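S.K.: no sequence on this one, just coordinates:
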DNA sequence: TTGTCGATTGAG
DNA sequence: TCAATCGACAAT
């Protein structure tokens, strides 16, 4: 069986089962005439309408519409007034599950990635963090909806082999459903984020948090 | 129509 | 440790 079929099957399952299949996968971007490739080292699973930390928790909106569609589509969202973050839609249509691509190792096009990331960080950490990863690959909101499983797509993803051995833990930067160990990462990778609790503390009962 | 907040980052 | 910065969405 071809690797593309394997990853397609894994993406058809829940975010929790799809996420580890994306570890070690090769993400390719040919946007703006520049070829950049990243090997994914860290991801997080978001379980759609069941998950209070998911953008889809409150149902379909204009922004999250693509999450309710077919697995393998790209969902890029804007956050904190300045950053873009990239997700891979997974699960069955209607479930709105997705996997956030949190970090990667740039394996091709380091020079292009550097041009998009004006800073003095080391090559190993160029794509460390979801916003930096998206920036290295030139991704923004207009790319939402691209089919990552289509070999003709300017942005695509392919598994290189069997899912790699990985570690799990709580997701980074969220204030709800913090007990779920839905972050997955490869061991001994310098691009993987340190854990950081998220959101702001707010008085209990002030806002609906939902049940999982 | 208004106000609050965010799946982050980089500087101080 | 904290400001930047603006779109999405819930509350008026």
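M.R.: Nice, I can see it. None of these values were measured; they are calculated from a predicted model.
S.K.: Go through the helix or strand of chain A with the lowest mean pLDDT and flag the buried ones.
M.R.: Taking mean pLDDT, DSSP states H and E as the measure, chain A has helix A:3-11 as its least confident helix or strand, at a mean of 86. For helix A:3-11, burial by neighbour count (16 or more other Cβ atoms under 10 Å) applies to A:4, A:6-7, A:10-11. No exception for glycine: its C-beta is placed from N, CA and C like everyone else's.
S.K.: ok, those vs DNA strand B, which is closest?
M.R.: Set against DNA strand B, the nearest of these by Cβ to the nearest atom of the strand is residue A:11 (14.6 Å).
S.K.: you'd agree that closest one is up against residue A:73?
M.R.: No - using Cβ atoms under 8 Å, residue A:11 is not in contact with residue A:73; the gap is 9.8 Å.
S.K.: Okay, buried residues for stretch A:153-173 please.
M.R.: A:153, A:155-159, A:163-164, A:166, A:170-173.
S.K.: okay, how far is it across that stretch, tip to tip?
M.R.: 31 Å (Cα to Cα, to the nearest Å).
S.K.: just how off-centre is that stretch within its chain?
M.R.: Here stretch A:153-173 is found 8 Å from its chain centre; the criterion is Cα atoms, centre = their mean, to the nearest Å.
S.K.: before we move on, what about stretch A:179-186?
M.R.: With Cα atoms, centre = their mean, you get 12 Å for stretch A:179-186.
S.K.: hmm, who's touching it?
M.R.: A:15-16, A:19-20, A:23-24, A:41-47, A:51, A:53, A:102-103, A:164-172, A:192, A:212 (Cβ atoms under 8 Å, 6 or more residues apart in numbering).
S.K.: near DNA strand C at all, the host helix or strand of residue A:103?
M.R.: With elements taken from DSSP states H and E, the one containing residue A:103 is strand A:97-108. No - applying Cβ under 7 Å from any atom of the strand, one finds strand A:97-108 separated from DNA strand C by no less than 13.3 Å.
S.K.: What residues of that strand count as buried?
M.R.: For strand A:97-108, burial by neighbour count (16+ other Cβ under 10 Å) applies to A:97-106.
S.K.: Show me which of those residues is closest to DNA strand C.
M.R.: For the buried residues of strand A:97-108, the closest approach to DNA strand C (Cβ to the nearest atom of the strand) belongs to residue A:98, at 13.3 Å.
S.K.: which residues sit in contact with the closest one?
M.R.: Residue A:98 makes contact with A:15, A:46, A:48, A:54, A:56, A:67, A:75, A:87-91 under the criterion Cβ under 8 Å, 6+ apart.
S.K.: In TSV: these, plus pLDDT and distance to residue A:131.
M.R.: As requested, the contacts of residue A:98 are arranged in TSV below (pLDDT from 0 to 100; distance: Cβ to Cβ, whole Å):
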residue	pLDDT	distance to residue A:131
A:15	98	20
A:46	98	16
A:48	97	22
A:54	98	18
A:56	98	20
A:67	98	19
A:75	98	15
A:87	98	13
A:88	98	16
A:89	98	19
A:90	98	21
A:91	98	24
